[in-house]
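Pasting a predicted model and its sequence here:
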Amino acid sequence: MTNYVPPAPHELEVSVFGRGFGESILLHLGDGRWILVDSLCDKDGRVSPLRYLEEIGVDPATAIKLIVVTHWHDDHVKGISTAYQLATDAILSMPIAMKSSQLEAFKNSARASGSEHLSSGVAELDEIARIRDRDHRRPIRPASADRELLGYNDLTHGHQVLIKSLSPSDADTQAFLKQVAYAPRPDASQRAQPFDDNAVSVALWASVGPHRILLGADLETTNNPLTGWQAVLSSPSPLVGQASLLKIPHHGSYNGHHQPVWNTLLTPQPTAVLTTWDLGTKLPSQNDITRILNLTPDAFITSRVDRKPKSNRPQSVQKRLRELNKAGVRIHSRLPFAGHVRLRLDLSEPSPIWQVALFKDAVHLSKLAA
Amino acid sequence: MITIPRRASTAQLNEDSPSQFKPASEAEIRLSAALRCVDNITDRIQTHYDPARKTEALSVPAPTANPTDATPDESNIINLSFTQLSDHPSESFAALQEWEGVVTKVKDGIIYANLVDITANETSFEEEAEIPFSEIRSEEQMRAVPGAIFRWTIGYYRQVGTLMNGSVIRFRRLAGQTKPPLPPPALVFEEHD
């Protein structure tokens, strides 16, 4: 167990967790009030951010005030229903695109998919619906462009707090619903795959007094000014201030990078955090790492990109796998625990700067540069 | 992957010959329930995937979690890739390692998949695989689409007195009509303007 110390009531905290597949963020707004953005589980099945809260003595039942599911992808929703069940005081927010009869119809057809070893792909969403119904929880708060999700003005640090969703845009939502309506239904030989579409990701803007935080989710940039980051920047309600902390969108990928975001929404050389994507095309690539480090020297990542296969298998199995490797078969293991980048800002100081702490496999991004 | 067979003599591989092949015989005793011919393995996988026969499927023994002790003498084993395996009639197959997987992407001749380690009794995707299309039997390749569920087994395969390494990827077929689970309530959202 890592010897963590909880944040003081006057400290802002952003903790980013990732293990090569999966991403989650915790925000401490002050006075023990937290926001959970997305979820991932460690290998032992425990929800990584909830493990951290437990280790610093925080009760999710009363501390978590808002849970945001940025989008319906496996690497962002694993364990989210567990978090929702425990965080009994929390408002749950999802992209407005998830509120649709088309999606309900898709889920109905997907439930028979999966197997005794594999969840159906809609299991987390279904469990959330069951918990909400059974425990008479509040309706889900839809997230979309320029929408206020949570606000406080009674915190002891004296700053007003406002959490806004910046996306998805109306155009992205409509495109998603059209995709759902025409998507082939998974049959019993398949597991329902969440749609390969990051366009309905919920990017978040946290405003705490004069300080700003931008959490980019997996939102991408396109050539269409009505979608993705272009739509965020063309909002009729321009954002006030510049963020000193960025969760880099989509694992640092070029398709999540929109230079005008760095030019207009961020302070020069902000503190930046990203998580890795380690399935198939590895993210961030060396080009991505170079680009990010050219934009800011203060970039941190939750884990390394390269991982090795399990080594605790019997020698006979390992030998077979080495032979298959020669034929081009590659197997990668996920890290047993999420790496953790923790950033804190002491609001009691006149000109606070982000204090960074790295846990488990988290490193400065330069460590991954070739 | 092709390895030139190092064929042992029939006498060496005779299970009645206790000295040379005692390890193999022990393996078969330990894994007797798992030793099937390749056809039976296929049936087993199909049965396993049939929700209508779930009870029967669950009764099928999983491969041993730690089969090190049951490993046959390596010097008498030849390697056999997925493609070759289908071409050889077999007498038995002992699984050493099994995964269940889901194809996440097919790109540039490679299948990307999330894996659940059945042998280690894992319940979540803790590994990923990149498998060249060429390593999938031709009759299975058309099933390799995103979302497709498959069973991947590697182990030892015995054919007419010869032990060989085998690896089988078998995609799930359409199961019989089963009663769908009760749908949960729909997600309820706040009203908004």
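Received, thanks. Numbers count the residues shown, from 1 in each chain, chains lettered A, B, ... in the order given.

where are the low-confidence patches of chain B?
B:1-91, B:174-181, B:192-193 (pLDDT under 70).

just the stretch 201-350 of chain A next, same as before
Using pLDDT under 70, the flagged stretches of the stretch 201-350 of chain A are A:280, A:306-310.

And the strands in it?
A:204-208, A:211-215, A:243-247, A:266-274, A:299-301, A:330-333, A:339-346 (DSSP state E, counting those that start in this stretch).

ok, residues contacting the shortest one?
Taking CB atoms under 8 Å, 6 or more residues apart in numbering or on different chains as the criterion, the residues outside strand A:299-301 that touch it are A:18, A:248, A:271-276, A:284, A:292-293, A:339, A:341, A:356, A:358, A:362-366, A:368. For glycine as for every other residue, the C-beta is placed from the backbone atoms N, C-alpha and C.

Just to check, residue A:37 is in contact with residue A:15?
No. Here residue A:37 does not reach residue A:15: they are 10.3 Å apart, not a contact under CB atoms under 8 Å.

out of the contacts of strand A:299-301, which are inside helices?
Judged by DSSP state H, these include A:292, A:293 as members of helices.

Can I get the buried part of the contacts of strand A:299-301 as one ChimeraX selection?
To isolate the buried subset of the contacts of strand A:299-301 in ChimeraX, counting by 16 or more other CB atoms under 10 Å in any protein chain shown, use the following:
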select /A:18,248,271,272,273,274,275,276,284,292,293,339,341,358,362,363,364,365,368
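
Deepest-packed of the strands of the stretch 201-350 of chain A, please.
Each of the strands of the stretch 201-350 of chain A was scored by mean neighbour count; the highest is strand A:299-301, a mean of 26, by mean count of other CB atoms under 10 Å in any protein chain shown.

before we move on, back to that, reformat the strands of the stretch 201-350 of chain A as CSV; add distance to residue B:159.
Shown next, in CSV, are those (distance: least, CB to CB, whole Å):
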stretch, distance to residue B:159
strand A:204-208, 59
strand A:211-215, 57
strand A:243-247, 55
strand A:266-274, 51
strand A:299-301, 49
strand A:330-333, 26
strand A:339-346, 47
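
Surely residue A:62 is within a helix?
Yes. Under DSSP: H, G, I helix; E, B strand; the rest coil, residue A:62 sits within a helix.

mind checking pLDDT for it?
You'll see residue A:62 listed with a pLDDT of 97.

residues near it, how many?
By the measure other CB atoms under 10 Å in any protein chain shown, the count of residues near residue A:62 is 14.

Make sure it is actually in contact with residue A:89.
Yes. Using CB under 8 Å, residue A:62 makes contact with residue A:89 at a distance of 5.6 Å.

picking that back up, out of the contacts of strand A:299-301, which are close to chain B?
Near chain B, taking CB under 8 Å from any CB of the partner chain as the test, no member of the contacts of strand A:299-301 is found.

Residue A:84: helix or strand, and which one exactly?
helix A:80-86 (DSSP states H and E).

Please save the CA atoms from stretch A:231-249 in PDB.
Output of stretch A:231-249 as PDB, limited to C-alpha atoms (Å, rounded to 0.1, in the frame of the first residue of the first chain):
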ATOM      1  CA  ALA A 231     -17.100  22.900 -32.000                       C
ATOM      2  CA  VAL A 232     -15.800  23.500 -28.500                       C
ATOM      3  CA  LEU A 233     -13.900  26.500 -29.700                       C
ATOM      4  CA  SER A 234     -16.700  27.900 -31.700                       C
ATOM      5  CA  SER A 235     -19.200  27.800 -28.800                       C
ATOM      6  CA  PRO A 236     -21.400  30.900 -28.500                       C
ATOM      7  CA  SER A 237     -20.400  31.100 -24.900                       C
ATOM      8  CA  PRO A 238     -16.600  31.400 -25.000                       C
ATOM      9  CA  LEU A 239     -14.700  30.000 -22.000                       C
ATOM     10  CA  VAL A 240     -13.300  32.500 -19.600                       C
ATOM     11  CA  GLY A 241      -9.700  32.100 -18.500                       C
ATOM     12  CA  GLN A 242      -7.000  29.600 -19.500                       C
ATOM     13  CA  ALA A 243      -6.400  26.200 -18.000                       C
ATOM     14  CA  SER A 244      -3.100  25.600 -16.200                       C
ATOM     15  CA  LEU A 245      -3.700  21.800 -16.200                       C
ATOM     16  CA  LEU A 246      -4.700  19.600 -19.100                       C
ATOM     17  CA  LYS A 247      -5.600  16.000 -19.300                       C
ATOM     18  CA  ILE A 248      -4.500  15.400 -22.800                       C
ATOM     19  CA  PRO A 249      -7.200  14.000 -25.000                       C
END
